[in-house]
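**Q** need the 3D shape of this:
(2 chains)
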Amino acid sequence: MNLSQENIDAIIAAHLKGEIADDQREVLLEWIDASEENLDYFHQMSAVYHITHPTNETAKAYSDIQQKIASKKQSFRWYYAAAAVVAAIVISIFLLPTSEVIIASNEVTSRDTLPDGSMIELAPHSSVAYHFDESSNKHQYKLEGSAAFNVKSHGQIQVITDELTIEDIGTIFKVDNAESDSLITVTVIEGIVKCYDEYGNALELKASEVGIYSKLQHKFLPIDKTEVFEFDFKDTKLSEVVKTLSFYYEKEIEVSPEIENCLINVRFSNEPLSFILEIISSTINADLKEENSKYKLTGNGCN
Amino acid sequence: MVFRNYYAPLCDYARLLIKDEDDARDIVQKLFLQIWDNPEKFEAEQSLQGLLYTSVKNRCLNWLRHEKVKRTHQSDVSASSHLRVAHQSHTTDLESAIQSAMQKLSDQTKKVFELSRIEGLKYQEIADELNISIKTVEVHMGKALKHMRTELSDFLPIAIILFPFLFK
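**A** Predicted structure coming up:
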């Protein structure tokens, strides 16, 4: 069969959209097999298709694979882990500075003020232990799980996770470090943070930037740091939604009692607060007003 | 980076070979898992791209052989049994490059590309919307992708050599 380049491009386009006919499929396979150049051309057309038609499929697959690797390693190394736990207890008794758990959450997110005056939003099943390090004059928070920090004592706090230390230079940031996950994600909403591990890897993140650290590879993943910051509310009461938004945007939001329990299902990526509130108010048919530098949401019930 | 650059194209290739989207993804994921687990098995100094595509092809051929055996077995076991019918992140730079490349497309090609990319329409839906044949839609999309391939070359993966512990 005599094929023009235009024919091949059209057949590749049909395949990438998932709409290739059986006869076209045979032709394309034969064409790809014919030379390395053709295979490379197919690869590039596919890569172009995916960067111009983005989905989260690759990111999801990457995360699935990370989890599979993590669970494999766990099952192979349980006996090492047992020994490590004993060693860690011994080391923590004799070498590490004493710190005590000051806040722990159960099934729900909890919000509190930390000893240095900073605010914390602690994800479910997470905890924070505190220690003041006199030599460095730092408030050290050992975080198990995930939390967001709105730092008030700028330049004076360190958040220490199992693998990563995050040092704030005056900011609001969020650390996601679920026990089951092999990745630690640091998202900066405002200001700058420095993240570093014990292997000499370091990363500085500015507002709206995200850093992902692999606990398996002991390094920061080469992702685009400017990935958007997202809020993903699923069946969340409006009263909880506004608490979260108030925390991140540092703006007071008042909600009338009639709509406090309305359930919100919406996802936002890097949007301004006014836009988010407009969407929420139109979703539940509420009124939105901005008065005396605070927002007010009023309504007669949930739609 | 390797995963991000190669995962989706390898799935496209596997899907072309075996016509099953879920199993195509599974084959590619298992390949990456194996490379991650045993990078020393993949230390040969050859083109990474060639190695990945060859591995996927071999796995797909095995899958097809296995499916054939399964089908034969199923028809042996029960004459009445029916066979199962097989069925996050752009930089601003990239987005502006895409926009700028789109401006250079002819009006109709640009329209087709936009309907596919932004509206997420199927080719038949695009054909209906623009009152053209589905074949013409495929030709426009082929032209658009070919053009993008040149215009976005800085954002595309280049052939690299696989070194030990690339994935570790």
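**Q** once you drop chain neighbours, what's closest to the residue in chain A positioned nearest to chain B?
**A** In chain A, the residue found nearest to chain B is A:D9; the distance is 2.9 Å by Cβ to the nearest Cβ. Placement of C-beta: from N, CA and C, glycine included. Nearest-residue entry for A:D9: B:G142, 2.9 Å, with adjacent residues in sequence omitted and distances by Cβ to Cβ, 6 or more residues apart in numbering or on different chains.
**Q** just the helices in chain B please.
**A** B:2-18, B:21-37, B:48-77, B:92-103, B:107-117, B:123-130, B:134-151 (DSSP state H).
**Q** which other helices and strands contact the last one?
**A** In this structure, helix B:134-151 makes packing contacts with helix A:5-16, helix A:36-52, helix B:92-103, helix B:107-117, helix B:123-130, judged by 3 or more Cβ pairs under 8 Å, 6 or more residues apart in numbering or on different chains; DSSP states H and E.
**Q** repeat that for the first one.
**A** Applying 3+ Cβ pairs under 8 Å, 6+ apart, one finds that helix B:2-18 makes contact with helix A:5-16, helix A:22-34, helix A:36-52, helix A:57-76, helix B:21-37, helix B:48-77.
**Q** list the buried ones in the second one?
**A** Going by neighbour count (16 or more other Cβ atoms under 10 Å in any protein chain shown), the buried part of helix A:22-34 is A:24-25, A:27-29, A:31-32.
**Q** returning to that earlier point: tabulate the helices and strands packed on helix B:134-151 (TSV), appending mean pLDDT.
**A** As requested, the helices and strands packed on helix B:134-151 are arranged in TSV below (pLDDT from 0 to 100):
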stretch	mean pLDDT
helix A:5-16	91
helix A:36-52	88
helix B:92-103	81
helix B:107-117	91
helix B:123-130	92
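**Q** can you show me the helices along the stretch 51-200 of chain A?
**A** A:57-76, A:78-94 (DSSP state H, counting those that start in this stretch).
**Q** for the record, mean pLDDT for the last one?
**A** Spelled out, that is helix A:78-94. Rounded to a whole number, the mean pLDDT of helix A:78-94 is 36.
**Q** contacts only, for residue 8.
**A** Just so you know, I chose chain A. A:I8 is in contact with A:28, A:31, B:142, counting by Cβ atoms under 8 Å, 6 or more residues apart in numbering or on different chains.
**Q** correction: the question concerned chain B.
**A** Under the criterion of Cβ under 8 Å, 6+ apart, the neighbours of B:A8 are A:46-47, A:50, A:57-58.
**Q** can you narrow these to ones near chain B?
**A** If you filter these for contact with chain B, counting by Cβ under 8 Å from any Cβ of the partner chain, you are left with A:46-47, A:50, A:57-58.
**Q** how about these, which pair is most distant?
**A** A:A47 and A:E57 (13.7 Å; Cβ to Cβ).
**Q** mind checking which of the two has more residues around it?
**A** Comparing A:A47 with A:E57 by neighbour count (other Cβ atoms under 10 Å in any protein chain shown), the higher total belongs to A:A47, at 23 against 14.
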